[in-house]
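A.B. asks: sequence? don't have it. structure:
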């Protein structure tokens, strides 16, 4: 691969010199200085590209591994999983069993957290994590590292429901200054929503995707809010946290949940009807077997708790009657389409519509996970040493940062106008991605010219779209050139 990609030519090496052991040792060295290198690169990017550190999104993802990793042991300072959350970021991930995205229980995995800016979704930092780390216990260490990187900045820290703990909210308030997260819609919050449900009012918010749809097909939002507070512990002291508790109702989410509910009820109802038809036959000849079959049907979905039944055996013949609790079903319908947001941003400067718009940008970190696992090919990963896994994660984060900066710069210079030429049939691209931009240069080749003056290496001619991309990136044509290598140029 090194010879084919011209890495050997560029560095003046042979393919044999770039063996697995040497590359592995290089990854270990990168991991050893990973935190300092990441911070330096991030601060340089913020300064060079004048990035706005006003909003930071955080989430974690996983990378499934293939191997036993029997000799790998957790670090001495590994998170025990109980007590206060760790305050330091791990230097290497620990491969172990955990809750995988694919649902497989026979493979080990590592996890990694990622911080991205609201400005262009530029990656800021990557946290290597053990495969069984609870996301809720990673926020404190992440916030402390962000405070160390940006000691003079106050920013909005955003996460999903795992940020919703007293300890995490206190840490976010003391470090970032502001927080916004989805709240866990627990039973106490459900009861509180029912109390204020009549106060729901329409929210003047429309996403960019919805703006392209007819008015009747757009997601309609309603919302109301109340005040709430918790007391968390941060750096050994109790921290009172006051925040706004927003109940948001989405018409699209409600329709989706209603369709799911009806599908589940139909399946459970069909199972009950099937049991009723074959009572006393086949494997349903005892009361225990019948009840076991019915309970299996009820436990398959959460809607099963709406079903109640009575099993009798008059004259030695089984009889089954069952019904759906209509009152409980009505209460369930009241909650469909509702989700909770928590933030300590002021109501005067940040009305509900602005808070909702900000939270919808949390998808930016998910898009970067997609790029890590897609174009940058994080997986499959065949590295046995956790230090080498950490080194590879850091390298891929740097590559992701370069791709994100290209994407941000080009979109900025497009000024909201679509770009043509990236897709077949000259279809418009309103928001070109970094991966698509790099793919455009895959056809660029090096021409080797032999003549009486010697050998020269020059780039082939740029296509129209390649020239346009360079122009939008504020790069002259001469910015891309062949490297100098033993060929007379």
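C.D. replies: Noted; the coordinates are in hand. Since this is a predicted model, take the numbers as computed values, not measurements. Residues are numbered from 1 along each chain as shown.
A.B. asks: which residue ranges form the strands in the stretch 201-350 of the chain?
C.D. replies: 201-202, 221-234, 237-250, 307-312, 319-324, 338-343 (DSSP state E, counting those that start in this stretch).
A.B. asks: from residue 181, how far off is residue 125?
C.D. replies: Distance, residue 125 to residue 181, by C-beta to C-beta, to the nearest Å: 19 Å. The way it works is simple: take the backbone N, C-alpha and C, and place the C-beta from them, glycine included.
A.B. asks: just residue 19 next, same as before
C.D. replies: 46 Å.
A.B. asks: between those two, who's got more neighbours?
C.D. replies: Using other C-beta atoms under 10 Å as the criterion, residue 19 and residue 181 rank with residue 181 on top: 26 against 10.
A.B. asks: can you list the weak-confidence ranges in the stretch 301-450 of the chain?
C.D. replies: Applying pLDDT under 70 to the stretch 301-450 of the chain flags no residue at all.
A.B. asks: er, the stretch 51-200 of the chain actually
C.D. replies: Judged by pLDDT under 70, the stretch 51-200 of the chain has its weakly predicted residues at 76-77.
A.B. asks: quick one on the thing from earlier: in CSV, list the strands of the stretch 201-350 of the chain along with distance to residue 35 and mean neighbour count.
C.D. replies: Compiled in CSV, the strands of the stretch 201-350 of the chain are given as follows (distance: least, C-beta to C-beta, whole Å; neighbours: other C-beta atoms under 10 Å):
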stretch, distance to residue 35, mean neighbour count
strand 201-202, 47, 10
strand 221-234, 22, 17
strand 237-250, 26, 18
strand 307-312, 54, 14
strand 319-324, 56, 14
strand 338-343, 30, 21
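A.B. asks: so can I have TSV of those strands showing distance to residue 41?
C.D. replies: As requested, these are exported to TSV (distance: least, C-beta to C-beta, whole Å):
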stretch	distance to residue 41
strand 201-202	45
strand 221-234	28
strand 237-250	32
strand 307-312	57
strand 319-324	58
strand 338-343	30
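A.B. asks: between those, which one is nearest to residue 130?
C.D. replies: Nearest of the strands of the stretch 201-350 of the chain to residue 130, taken as C-beta to C-beta: strand 221-234 at 23.2 Å.
A.B. asks: by contact count, what packs against the closest one?
C.D. replies: Packing partners of strand 221-234 (3 or more C-beta pairs under 8 Å, 6 or more residues apart in numbering; DSSP states H and E): helix 166-175, helix 187-196, strand 201-202, strand 237-250, helix 352-360.
A.B. asks: which one of the ones you listed lies closest to residue 134?
C.D. replies: Across the helices and strands packed on strand 221-234, residue 134 has its closest neighbour in helix 166-175 (11.5 Å, C-beta to C-beta).
A.B. asks: so what secondary structure elements neighbour the closest one?
C.D. replies: Using 3+ C-beta pairs under 8 Å, 6+ apart, helix 166-175 sits against helix 139-149, strand 155-159, strand 177-183, strand 221-234, strand 237-250.
A.B. asks: quick one, which of these is nearest to residue 476?
C.D. replies: For residue 476, the closest of the helices and strands packed on helix 166-175 is helix 139-149, at 33.0 Å, according to C-beta to C-beta.
A.B. asks: now the helices and strands packed on strand 221-234 as JSON lines including distance to residue 297?
C.D. replies: Formatted as JSON lines, the helices and strands packed on strand 221-234 follow (distance: least, C-beta to C-beta, whole Å):
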{"stretch": "helix 166-175", "distance to residue 297": "39"}
{"stretch": "helix 187-196", "distance to residue 297": "24"}
{"stretch": "strand 201-202", "distance to residue 297": "40"}
{"stretch": "strand 237-250", "distance to residue 297": "30"}
{"stretch": "helix 352-360", "distance to residue 297": "37"}
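A.B. asks: distance to residue 326 for the helices and strands packed on helix 166-175 - can I get that in JSON lines?
C.D. replies: Converted to JSON lines, the helices and strands packed on helix 166-175 look like this (distance: least, C-beta to C-beta, whole Å):
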{"stretch": "helix 139-149", "distance to residue 326": "42"}
{"stretch": "strand 155-159", "distance to residue 326": "38"}
{"stretch": "strand 177-183", "distance to residue 326": "29"}
{"stretch": "strand 221-234", "distance to residue 326": "25"}
{"stretch": "strand 237-250", "distance to residue 326": "22"}
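A.B. asks: what's the closest of these to residue 42?
C.D. replies: Closest to residue 42 of the helices and strands packed on helix 166-175 is helix 139-149 (C-beta to C-beta; 6.4 Å).
A.B. asks: one step back: tell me which of the helices and strands packed on helix 166-175 lies nearest to residue 412.
C.D. replies: Of all those, it is strand 155-159 that lies closest to residue 412, at 20.4 Å by C-beta to C-beta.
A.B. asks: ok so, going back, go through the strands of the stretch 201-350 of the chain and name the closest to residue 30.
C.D. replies: It's strand 221-234; of those, that one is closest to residue 30 (C-beta to C-beta) at 32.0 Å.
A.B. asks: between helix 166-175 and that closest one, find me the angle.
C.D. replies: Angle of strand 221-234 versus helix 166-175, following axes from the mean of the first three to the mean of the last three C-alpha atoms, to 10 degrees, is 90 degrees.
A.B. asks: please list the residues outside strand 221-234 that contact it.
C.D. replies: 84, 140, 165-171, 174, 192, 196-197, 199-203, 205, 238-251, 342, 347, 352, 356 (C-beta atoms under 8 Å, 6 or more residues apart in numbering).
A.B. asks: burial measure for residue 190, as a count.
C.D. replies: 16.
A.B. asks: name the nearest residue to it, ignoring sequence neighbours.
C.D. replies: Among residues not flanking residue 190 along the chain, residue 335 sits closest, at 5.9 Å (C-beta to C-beta, 6 or more residues apart in numbering).
A.B. asks: same question, residue 408
C.D. replies: Nearest residue to residue 408, sequence neighbours excluded (C-beta to C-beta, 6+ apart): residue 120, at 3.2 Å.
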